[in-house]
Structure formats: structure tokens, C-alpha cells
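Novice: Give me coordinates for this.
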Amino acid sequence: MNESKDRAGKPRRTQSRVRGMMLGLAIGETVGAARGALPASGPLRAGVGTQLACFTAEGIIRAMVRMSHKGICHPPSVVLHAYCRWAALQGIEVERMRRRWASVKDESAWPDGWLAEVPALAERRGSAPATVAALSRIEGTDVPTPTTSRGCHALTRSLPLAAVDVELARQAGDFAALTHGDPAAQSATAQAAVLAHHCLTSTAPAADPGSGSDRAVRRAMDAGLATLSTLREHASGEEHERLVTAYRLGVDQPAHTPTLAHLAPYPTAPSALLGALYTASSFPGRTQLRTALHFAAQAPDGASVACVTGALLGAVHGYEALPVDLVSRHELSWVLDTLARDLLSELNDSPSGSEYVGGWDPYWWGRYPGW
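Specialist: The predicted model follows:
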């Protein structure tokens, strides 16, 4: 949809929410990793989940570019390539990655795309053992062999999928399965993406700092949970009941730290989602976002719970609701904001054109090569 032609402001609201989701997941992970005790000044460092989420978003854009120009695409494969570029920047199995990917293109130009030029993405910002283990096994044209992990990074890195459409969100488990073989991790990843999509598309009023913003979160959660109740491939009856219970506990018995610890005891994808559901329903107000992140940080694995919490609440309320002091200090804020804007540009406008139609941006393919 062309933003300049929509006087109702819907594209602007959509952009605000996608930016809010991307920035929210990043500051959430950072606040959670610090257990809420951030330094008083200086840059705030990104976590490894945020780094991987950047490459997920870039991979989605490149998949859409490929589809426009080639007419055929397997998005998980393109996102896998994105994770391999992250691994190469991190110094992980660089020669193996080059054998797999650089032979396809000019070796000197790989890893390609603008994201590979961001220095902070080459810095170690924590461990992602299941992702690294699976990528380290890649060779030739083979896909990686997933581990048996149900770790949280399968979910946190996949949140940008929610920005495209509900169908891609429903397929998020396939992206998790690139590296995480545990069915519970794959289910939780798809569940989180569907919920995040409903947060992005909720029609409840979110501009009112009072009760209207509370309704926005709860309407989004109600709609997302209702959708998930019909998608049994993503949640058994028992799994869905756990999601509903976490949400209702936040409404009826909010902000109880022992309850948070009980719902999210491990650094796993299901724990990250249940903890975030409880936190978001405990603190649904637009002005409560900072408090929500600090509460989520008290979970046993605060980084993953706060990451998902920030994404869900940022998706509902938009980037304007995020704490300015945290966003302005985060080392990847510009990168995340650019990816959010560019993702919507590719969805709505296809700047590089297509196989038969020329694009208006001659540099887009260089920024997002379609492979």
C-alpha cells in the first residue's frame, strides 16, 4: 500500500508498530540480560538474539526480492543463508561457510549485503549454542542438521516474521527447525509469531495512555489466542491451555514474581513465550512498558522473556512508547529501525522492481541481493 495515498494513516501506524516490535525486542533483551541494572551512561550492547533477529529480517527481505525477480523462492533457505553470513562475521566456521556460499558468487564479495558491513554484528554478544552447532555442520548443498534443542533463540530470532503476514507467521516453526529440532521449540516459535502478528494488526485504540492502551494489548492477545486455538498443528490442547493460563494469570494476578518464575523457569522457547504472555498481560498500558521490561528481567532467563515482552508490547503500542533513553543508547537502534522500514518498503513497494518491471531504487539489489 502506498503510504502517501492513505490519508487514514494506516501505513504510518503499521510502520510505527513494526519499528516498535524490532526495537522492542532489542531493548528487551538488553534490559533482561542486565537483570534490569543497566549502566547509567554509554552505549547499550545488543544480545545475540537481537543480532540473529536482524539477519532474520534481512533474510526475509532478500527472500521477497528473490521472489519478485525469480518467481520462485524457499524463504527458510534464504534465511539460513542469512544466519551463515552472521556466523562468518562472528568467525564461526568461516572456511566451511565460504565453501558453501562464496562459490556461488564472487568470493571477494561474500558475505554480501549492507548488513554484513555493520561492525557490531561481528562482535560476540553472548552464545547461541544450538544455532552455532547446526550451522557448523553445513557443507556443500546440504541443509544443516538441527540439534535437539528447545532453546529460546529459535523463537527470539524469528519474531520479525510476524511483520509479513499471518501465513508466514504460521510457518515460523519451519525457520526454527533450521537449527532447533525440538517440536516444542518449533511450536512456541510459531505461536509467538502469530501472537506478534496480531499485536501488529490489532485495531483497538492504542493512542490513549489510559484504558484504551490496556484494551489494545488484551484485544490483540485475545485475537491471537483465538487464532492459535484453530491451528492444532502449532499447539496441542495442553499447549494452548498453558498459553491461555499464562495470559489469564497476568490479567487476574498480575506482576507476581514467583508466578513469572514458575511459568518461565528455563532459557527455552516455551518459557520465553509463557513468561512474556504473563508480563504483557500484567502490564498492558502504554506507559507501563519500561516497568514491564524490568519485571520480565526478573525471570530466571530474563533476556529471553524481556525480549519477547518488548516485541509484543512494542508491536501494539508502536515505537513511540519505547523508552527514548534506552532506544537512543542501543548500539543497533539504527540498524533495527532501518530493517523495519525496509521490510515494509519491500512488502509495499518492491524498490528493486521485478523480473519484468524496473524498480525505482537502483541500489536495492546491492543492499538486499535476492539469494
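
Novice: Can you pull out the low-pLDDT segments for the protein?
Specialist: When residues are selected by pLDDT under 70, those of the chain lie in 1-10, 103-108, 140-142, 204-212, 232-235.

Novice: Please name the nearest non-neighbouring residue to the residue nearest to the spatial centre of it.
Specialist: Among the residues of the chain, the smallest C-alpha distance to the mean C-alpha position (C-alpha atoms, centre = their mean) belongs to residue 159, namely 2.5 Å. Taking C-beta to C-beta, 6 or more residues apart in numbering, and ignoring the residues beside it in sequence, residue 159 has residue 311 as its nearest neighbour in space, at 4.8 Å. Where you see a C-beta, it was placed from the backbone N, CA and C, and this is true even at glycine.

Novice: How about the contacts made by that neighbour?
Specialist: With contact set as C-beta atoms under 8 Å, 6 or more residues apart in numbering, residue 311 has these partners: 21-22, 24-25, 28, 159, 196, 276.

Novice: So which of those are in helices?
Specialist: Using DSSP state H, the members of these that fall in helices are 21-22, 24-25, 28, 196, 276.

Novice: Spit out the contact partners of residue 138.
Specialist: Listed by C-beta under 8 Å, 6+ apart, the contact partners of residue 138 are 84, 93, 96-97, 100, 144.

Novice: CA atoms only: put the helix or strand where the residue nearest to residue 159 lies into CSV for me.
Specialist: Secondary structure assigned from DSSP states H and E places residue 311 in helix 302-317. Extracted C-alpha coordinates of helix 302-317, given in CSV (Å, rounded to 0.1, in the frame of the first residue of the first chain):
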residue,chain,number,x,y,z
GLY,A,302,15.3,-12.5,31.9
ALA,A,303,16.9,-11.9,28.5
SER,A,304,14.6,-14.1,26.5
VAL,A,305,11.4,-13.2,28.4
ALA,A,306,12.1,-9.5,28.2
CYS,A,307,13.0,-9.8,24.5
VAL,A,308,9.6,-11.3,23.7
THR,A,309,7.8,-8.9,26.0
GLY,A,310,9.4,-5.9,24.3
ALA,A,311,8.5,-7.3,20.9
LEU,A,312,4.8,-7.9,21.8
LEU,A,313,4.3,-4.5,23.6
GLY,A,314,6.3,-2.6,21.0
ALA,A,315,4.2,-4.2,18.3
VAL,A,316,0.9,-3.0,19.9
HIS,A,317,1.9,0.5,21.1
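
Novice: next structured bit after it?
Specialist: Elements were assigned by DSSP H and E; along the chain past helix 302-317, the next helix or strand is helix 324-329.

Novice: and that next one, what does it pack onto?
Specialist: When contacts are defined as 3 or more C-beta pairs under 8 Å, 6 or more residues apart in numbering; DSSP states H and E, helix 324-329 sits against helix 10-33.

Novice: Kindly recompute the last result at 10 Å.
Specialist: Contacts defined by 3 or more C-beta pairs under 10 Å, 6 or more residues apart in numbering; DSSP states H and E place helix 324-329 against helix 10-33, helix 289-296, helix 333-349.

Novice: out of the ones you listed, nearest to residue 192?
Specialist: With respect to residue 192, and counting by C-beta to C-beta, the nearest of these is helix 10-33 at 10.6 Å.

Novice: That closest one to helix 289-296, inter-axis angle?
Specialist: What separates the directions of helix 10-33 and helix 289-296 is an angle of 40 degrees, with axes from the mean of the first three to the mean of the last three C-alpha atoms, to 10 degrees.

Novice: roughly how far is helix 10-33 from the heart of the chain?
Specialist: 9 Å (C-alpha atoms, centre = their mean, to the nearest Å).

Novice: Could you export that helix as PDB, CA atoms only?
Specialist: Output for helix 10-33, consisting of C-alpha atoms alone and laid out as PDB, is shown next (Å, rounded to 0.1, in the frame of the first residue of the first chain):
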ATOM      1  CA  LYS A  10      -2.900   3.100   8.500                       C
ATOM      2  CA  PRO A  11       0.600   2.700   6.800                       C
ATOM      3  CA  ARG A  12       2.100   5.100   9.300                       C
ATOM      4  CA  ARG A  13       0.600   3.100  12.200                       C
ATOM      5  CA  THR A  14       1.900  -0.100  10.700                       C
ATOM      6  CA  GLN A  15       5.400   1.300  10.300                       C
ATOM      7  CA  SER A  16       5.300   2.500  13.900                       C
ATOM      8  CA  ARG A  17       4.300  -0.900  15.100                       C
ATOM      9  CA  VAL A  18       6.900  -2.800  13.100                       C
ATOM     10  CA  ARG A  19       9.600  -0.400  14.300                       C
ATOM     11  CA  GLY A  20       8.200  -0.900  17.800                       C
ATOM     12  CA  MET A  21       8.400  -4.700  17.500                       C
ATOM     13  CA  MET A  22      12.000  -4.600  16.200                       C
ATOM     14  CA  LEU A  23      13.300  -2.100  18.700                       C
ATOM     15  CA  GLY A  24      11.300  -3.500  21.500                       C
ATOM     16  CA  LEU A  25      12.800  -7.000  21.200                       C
ATOM     17  CA  ALA A  26      16.300  -5.400  21.200                       C
ATOM     18  CA  ILE A  27      15.900  -3.200  24.300                       C
ATOM     19  CA  GLY A  28      14.000  -6.000  26.000                       C
ATOM     20  CA  GLU A  29      16.900  -8.500  25.500                       C
ATOM     21  CA  THR A  30      19.400  -5.900  26.700                       C
ATOM     22  CA  VAL A  31      17.400  -5.000  29.800                       C
ATOM     23  CA  GLY A  32      16.700  -8.600  30.600                       C
ATOM     24  CA  ALA A  33      20.400  -9.700  30.200                       C
END
